[in-house]
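Asks: Predicted model and sequence below, questions to follow.
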Amino acid sequence: MSDCSLRKYQDVNKWWRAKWIAGNGKILAKTTRKYKTKKALVEDLTTTISITAEIYKDKSKDYRWRWPAKATGRSIIVSSEGYRGKSDCAQGSELALDETVAQSFFLMEKSMIDKAEQALQS
């Protein structure tokens with residue numbers, strides 16, 4: 001079980017966004033894009049992220065990570081804090097990835113169940 005949770009929410013302007021909350025309550029990462037619908041957010045998270053995070057040094061020489069979209073290469077998820085060590089940064093990225101993958105499998109399974117139920121009702 002991951003020590004991180006993925007939360008989907010609407011901001012004050014009614015745009016859908018996501019953030020990853022670490023076990024200590026700190027925001028580990030957040031989406032860089034805003035989405036008109038929850039469905040669009042979920043589709044982006046489950047189908048377009050690259051599984052490999054990019055680790056880089058920011059202006060203050062801390063390590064950060066980001067996940068680029070497969071098609072465009074633009075970052076759609078970024079770490080919300082810098083890390084002193086590269087291995088700590090990689091671990092933060094892995095926590096968020098574990099939770100995203102778990103949520104993706106849950107959503108895909110739910111979608112398959114919904115489709116099967118619809119087929120049975122027809």
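Replies: Structure's in. What do you need? Residues are numbered from 1 along each chain as shown.
Asks: hey, let's count contacts and neighbours off CA atoms from now on
Replies: Fine.
Asks: Pull the distance from stretch 13-26 to the chain's centre.
Replies: Centroid separation for stretch 13-26 versus its chain: 9 Å, with Cα atoms, centre = their mean, to the nearest Å.
Asks: D98: which element?
Replies: helix 86-121 (DSSP states H and E).
Asks: If R64 is in a bridge, with which residues?
Replies: Y56 (DSSP bridges).
Asks: ok, Y9 - how many residues close by?
Replies: 14 (other Cα atoms under 10 Å).
Asks: who's in contact with it?
Replies: W16, R17, A18 (Cα atoms under 8 Å, 6 or more residues apart in numbering).
Asks: who does it bridge with?
Replies: Applying DSSP bridges to Y9, the residues it is bridged with are R17.
Asks: For it, give its distance to K57.
Replies: To K57, Y9 is 29 Å away according to Cα to Cα, to the nearest Å.
Asks: Can you give me the distance of G25 to T37?
Replies: G25 is 26 Å from T37, by Cα to Cα.
Asks: So which of those two has more stuff around it?
Replies: T37 (13 against 10).
Asks: Let me see the confidence value for the more buried one.
Replies: pLDDT recorded at T37 is 92.
Asks: now it: how far from D11?
Replies: T37 is 12 Å from D11, by Cα to Cα.
Asks: Many thanks, have a good one.
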